[in-house]
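Asker: one predicted model, sequence on top.
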Amino acid sequence: MTPAEAYAILATAGHDLTWREQATAKVPTPDEREALKLSEAAVMPVVHRTTIDRTGNQPTLLETTHLGAETTAPAYPIDARQPTPKRTPRTKTPRWMRPRLGAGLYPSDVDQWSDLKRARCTACKAVRPVCVDKSRLGA
């Protein structure tokens with residue numbers, strides 16, 4: 001059964017389908033290298049496509065495609081008439097993007113960002129939260 005046939009069966013059964021793809025690459029095993037006729041130095045792209053039912057947000061089908069990078073060039077059509085959905089903005093800055101404050105502590109280690117300037121260690125009276133013991137940090 002081809003993917004198109006599977007999609008047709010799911011759509012006929014009343015599923016409202018959408019897809020999510022994730023592309024990665026890996027070093028092929030000797031069997032994969034032989035089957036795809038790859039050289040010793042070749043990297044093998046792998047595409048995972050998940051078919052999702054929009055109504056229940058449930059995955060219904062997973063396809064994994066192994067490609068020979070030396071003989072394949074994936075191409076995707078992009079329709080300029082259909083705008084891409086807007087992503088919801090993050091409410092919290094990822095930890096790796098936040099500024100570090102000595103001793104490996106991050107601003108999230110203090111209760112609020114606004115408390116950052118006035119947070120002090122009650123034992124050593126440090127202006128910034130350089131003390132590892134969070135229980136000793138006070139305003």
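Answerer: That came in fine, so what should we check first? Computed from a predicted structure; not experimentally measured.
Asker: which residues in the chain form strands?
Answerer: Per DSSP state E, the chain carries strands over the ranges 17-26, 44-53, 58-66, 120-121, 137-138.
Asker: who touches Pro28 in this structure?
Answerer: 36, 38, 42-44, 66 (CB atoms under 8 Å, 6 or more residues apart in numbering). The way it works is simple: take the backbone N, C-alpha and C, and place the C-beta from them, glycine included.
Asker: want to throw the residues you listed into TSV with pLDDT?
Answerer: Below are those laid out as TSV (pLDDT from 0 to 100):
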residue	pLDDT
Leu36	87
Leu38	89
Ala42	88
Val43	89
Met44	90
His66	88
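Asker: out of those residues, which is most surrounded?
Answerer: Met44 (20 neighbours; other CB atoms under 10 Å).
Asker: relative to Ala73, how far out is that residue?
Answerer: 14 Å (CB to CB, to the nearest Å).
Asker: related to what we said a few turns ago, among the contacts of Pro28, which one sits closest to Thr55?
Answerer: Using CB to CB, His66 comes nearest to Thr55 of those, at 31.2 Å.
Asker: you'd agree that closest one is up against Arg33?
Answerer: No. Applying CB atoms under 8 Å as the test, His66 and Arg33 come out as separate, 10.7 Å apart.
Asker: need the overlap of contacts for those two.
Answerer: Contacts common to His66 and Arg33, judged by CB under 8 Å, 6+ apart, are Met44.
Asker: alright, I will stop here.
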